[in-house]
Structure formats: structure tokens, C-alpha cells
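coordinates only, sequence not included:
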């Protein structure tokens, strides 16, 4: 399991995902998978939903109720 990278300094609660911008680097932490780096693709302005593009795994929709944590740079 991959540990939190030093550059992943701030965990954003789903209510704060709207602060993210397309192209911004993020790390998604999930149980059993550790941290996976990606880039914001789309952000919903009205719901806790976030599309993240992972270079190896492809694009994934994250919802506020998913068992994941989203981290950004400080």
C-alpha cells in the first residue's frame, strides 16, 4: 500500500471539493489501495461529486459518500 506523499498535505472534505480546479493535482486515498495520484477533471458545483483522471486507471467519479479521502497540495 502506498503511503501519503509529502506533497499531499491537505485533506479536503467532500463539502470543499468545489474549491478544486480542473487540472489540479490530487491524491485519492482508499482503504486497501493507499494513495493514488491523479488530476481533477470535472467538479460538480451543486453536489459532492468529483471526476478524477488517473493516468493508469482512467477517469473515476468520486461521490461524497464514497469511502475515499481526497488530498491536495498545501
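Perfect, thanks for sending it. As the structure is a computational prediction, the values presented were derived from the model and not from experiment. Numbers count the residues shown, from 1 in each chain.

can you pull the pLDDT of residue 1?
Note on residue 1: pLDDT of 55.

try residue 66
Value for residue 66, per-residue pLDDT: 95.

Secondary structure class of it, three-state.
Following DSSP: H, G, I helix; E, B strand; the rest coil, the label given to residue 66 is coil.

let's number from 22 now, not from 1
All right, first residue 22 from here; so that's residue 87.

ok, it - how many residues close by?
By the measure other CB atoms under 10 Å, the count of residues near residue 87 is 16. (C-beta placed from N, C-alpha, C; glycine too.)

State which strand of the chain is the longest.
strand 55-64 (DSSP state E).

Report the inter-axis angle for the following helix or strand past it versus strand 55-64.
Per DSSP states H and E, the first helix or strand lying C-terminal to strand 55-64 is strand 70-75. Using axes from the mean of the first three to the mean of the last three CA atoms, to 10 degrees, one finds that strand 70-75 and strand 55-64 are set 120 degrees apart in direction.

so what strands line up beside strand 70-75?
The strands beside strand 70-75 in its sheet (DSSP bridges) come out as strand 55-64 (antiparallel), strand 79-84 (antiparallel).

Can you convert these into CSV and add a column each for distance to residue 46?
Below are the strands paired with strand 70-75 laid out as CSV (distance: least, CB to CB, whole Å):
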stretch, distance to residue 46
strand 55-64, 6
strand 79-84, 15
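
just these: most buried one?
With neighbours defined as mean count of other CB atoms under 10 Å, the strands paired with strand 70-75 peak in mean count at strand 55-64, which reaches a mean of 17.

centre of the chain versus that strand, how much separation?
Averaging C-alpha positions (CA atoms, centre = their mean, to the nearest Å) puts strand 55-64 4 Å from its chain's average.
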